[in-house]
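*Asks:* Predicted model, plus sequence, below.
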Amino acid sequence: MVGGKLTYVDLALLHVLRATQSQFPEAWEALTSIPLLKAFQQRLQQTPRLQEYFKSDRCKPFSGNSMA
């Protein structure tokens with residue numbers, strides 16, 4: 001979010017964005033008012049260490065409707 005280093009705030013926001021996308025996929029795709037947040041999410045998800053984590057057994061898929 002601020003500066004060039006990955007922080008806990010970046011990771012926390014990434015988690016919220018990924019959870020929102022998982023829980024509300026149709027609404028997420030239709031949402032056009034947050035292009036910078038979507039770009040932030042894509043940028044972070046493309047970092048090699050996070051890609052490695054997302055592909056690992058340690059990264060569990062979101063399940064159920066945890067945002068209801």
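*Replies:* Sure thing, it's come through.

*Asks:* In three-state terms, label V16 for me.
*Replies:* At V16 the chain is in helix, as set by DSSP: H, G, I helix; E, B strand; the rest coil.

*Asks:* That one and R58, how far apart?
*Replies:* As judged by CB to CB, to the nearest Å, V16 and R58 stand 19 Å apart. C-beta here means a position set from N, CA and C on the backbone, and glycine is covered the same way.

*Asks:* cool, L11 as well?
*Replies:* For L11 relative to R58 (CB to CB), the value is 14 Å.

*Asks:* Need the phi and psi values for P61.
*Replies:* The phi and psi torsions at P61 (degrees, to the nearest 10) take the values phi -70, psi 150.

*Asks:* Show the pLDDT at it.
*Replies:* Each residue has a pLDDT score; the one for P61 is 83.

*Asks:* same thing with the one 3 residues further on?
*Replies:* At G64, the pLDDT value in this model is 69.

*Asks:* what about K5, which helix or strand?
*Replies:* Following DSSP states H and E, there is no helix or strand that holds K5.

*Asks:* Please say which of V16 and R58 ends up with more neighbours.
*Replies:* Remark: of V16 and R58, V16 carries more neighbours, 13 against 8, as counted by other CB atoms under 10 Å.

*Asks:* and stretch 38-57, how far out from the chain's middle?
*Replies:* Chain-centre distance of stretch 38-57: 8 Å, with CA atoms, centre = their mean, to the nearest Å.

*Asks:* For that stretch, which outside residues touch it?
*Replies:* Around stretch 38-57, the neighbours that count as contacts under CB atoms under 8 Å, 6 or more residues apart in numbering are M1, L6, D10, L11, L13, L14, L17, R18, Q21, L31, C59.

*Asks:* Which pair of those spans the longest distance?
*Replies:* L6 and L31 (24.5 Å; CB to CB).
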